[in-house]
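Chemist: what would the 3D arrangement of this be:
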Amino acid sequence: MKTYDKAVRDRIPEMIERSGKTCVTEVLPPEELERKRNEKLREEVEEYLESRSIEELADLVEVVYGILEMRNISLEQFEELRLAKKKERGGFSQRICLRSVSD
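Modeler: The predicted structure follows:
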């Protein structure tokens, strides 16, 4: 038996059981859920950086959406914040790399 201790997508247990295997899951309390989702965020970032796969990037965004939901922040609120920051500080389209700052 292989053991895990990580947050997974909602339908993963169903997919495991459909394959003829059994799994043990639990619904996490809020404080542990936050920790597990943050771990999952780190995992997905590492997987994306290693593979540069768009599918891994989609997984990363899904984890972000899960964190927003957990924190009761709507996608609209999040998008407003993103756009406000973009308006104030810009985006990342100009390929700028800051090398140094001096007085």
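
Chemist: from I12, how far off is P29?
Modeler: 20 Å (C-beta to C-beta, to the nearest Å). Where C-beta positions appear, they are placed from N, C-alpha and C, glycine not excepted.

Chemist: among the two, which residue is more densely surrounded?
Modeler: Per other C-beta atoms under 10 Å, whichever of P29 and I12 has more neighbours is I12, with 13 against 8.

Chemist: from Y65, how far off is the more buried one?
Modeler: For I12 relative to Y65 (C-beta to C-beta), the value is 16 Å.

Chemist: same question for E56.
Modeler: Distance from E56 to Y65, by C-beta to C-beta: 15 Å.

Chemist: settle it for me: which of those two has more neighbours?
Modeler: E56 (18 against 13).

Chemist: what is the helix or strand where that one lies packed up against?
Modeler: Per DSSP states H and E: E56 is located in helix 54-70. Secondary-structure packing of helix 54-70 (3 or more C-beta pairs under 8 Å, 6 or more residues apart in numbering; DSSP states H and E): helix 30-51, helix 75-89.

Chemist: if you set the cut-off to 7 Å instead, what comes out?
Modeler: helix 30-51 (3 or more C-beta pairs under 7 Å, 6 or more residues apart in numbering; DSSP states H and E).

Chemist: count of neighbours near V63?
Modeler: Going by other C-beta under 10 Å, the residues that sit close to V63 add up to 21.

Chemist: check what pLDDT it gets.
Modeler: What the model reports as pLDDT for V63 is 97.

Chemist: all set now, cheers.
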